[in-house]
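[1] only the shape, not the letters, is given here:
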């Protein structure tokens, strides 16, 4: 891996990815809506990930892609825009990558694919730990867009013979920004993050996971998160309180996150380093 295209590189995770690539001596291309002027990249292309011409230009010389560009929640844009933008961007980036002969791609999915975080009503997972096979209960355009993105990634893997990992990311933040504040608020009111099952991933770990995702062969959907929740309350106690109908399929001692992280270990060889 000599050069990586990072879409959405001006965002929180994107900047951390660029930092990590720089530390490892790997060159970076960037596709961003606007060039903020401080990105660690040799090539910065301004444009949207839905624009095939901009994507082709940004792919110049790259041999891998980390696709992060997306509208990250359904709360600030019209539903139609969230769904259409996210799904078109993923299709466009992966299609152009495949045509360019790229063989390793990481694309950002989300644990919000469950449908819980942005639902208009309270939903409960049918069982925990939540694994990649648990059916989505999506009622919002963001979760639905991630379902389609994963199907697109699987199709593109077949279509172009690419290896693609769709990373299901939880709440992501850095210790120098929102993560500690959010953890403090959730400690006082665990209900704030009940729909997210109290899962999190520190920004630098998210970047590490993206690079790990450029290594496996084939297509994989992989959940990544810190192994413990961001609150001190026992996980099983939280589940009984906030998700009383959820089946607990195996013991979750202490603060064990109620997500199945087995594939992060077996497929990616990844485990989180930074803990609240």
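    All right, it came through fine. Values in this document were obtained by computation on a predicted structure and should not be read as measured data. Numbering: from 1, shown residues only.

[2] quick one: low-confidence ranges for the stretch 51-200 of the chain?
    Within the stretch 51-200 of the chain, the segments meeting pLDDT under 70 span 177.

[3] that one: strands as residue ranges?
    Using DSSP state E, counting those that start in this stretch, the strands assigned to the stretch 51-200 of the chain run over residues 64-67, 104-110, 127-128, 163-169, 171-173, 200-202.

[4] reformat those as a markdown table; add distance to residue 151 and mean neighbour count.
    All C-beta atoms are positioned from the backbone trio N, CA, C, and that covers glycine. Written out in a markdown table, the entries for those read as follows (distance: least, Cβ to Cβ, whole Å; neighbours: other Cβ atoms under 10 Å):
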| stretch | distance to residue 151 | mean neighbour count |
| --- | --- | --- |
| strand 64-67 | 15 | 28 |
| strand 104-110 | 11 | 25 |
| strand 127-128 | 23 | 19 |
| strand 163-169 | 10 | 26 |
| strand 171-173 | 23 | 22 |
| strand 200-202 | 24 | 25 |
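
[5] tell me which of the ones you listed sits nearest to residue 191.
    Between residue 191 and these, the shortest separation by Cβ to Cβ is 14.5 Å, and it involves strand 171-173.

[6] what's the closest one in contact with?
    Strand 171-173 has contacts (Cβ atoms under 8 Å, 6 or more residues apart in numbering) with 12-13, 179, 182, 193, 196, 199-203, 206, 230.

[7] related to what we said a few turns ago, now the strands of the stretch 51-200 of the chain as CSV including distance to residue 121?
    As requested, the strands of the stretch 51-200 of the chain are arranged in CSV below (distance: least, Cβ to Cβ, whole Å):
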stretch, distance to residue 121
strand 64-67, 31
strand 104-110, 19
strand 127-128, 19
strand 163-169, 22
strand 171-173, 20
strand 200-202, 24
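
[8] wait, which of the ones you listed is closest to residue 34?
    Among the strands of the stretch 51-200 of the chain, if distance is taken as Cβ to Cβ, the winner is strand 64-67, at 18.1 Å.

[9] what does that closest one contact?
    Residues lying outside strand 64-67 but in contact with it, judged by Cβ under 8 Å, 6+ apart, are 1, 3-8, 17, 49, 59, 89-90, 93-94, 97, 102-108, 210-211, 213-214.

[10] just the helices in the stretch 151-276 of the chain please.
    Secondary structure of the stretch 151-276 of the chain by DSSP state H, counting those that start in this stretch: the helices cover 178-188, 203-212, 235-242, 262-266.
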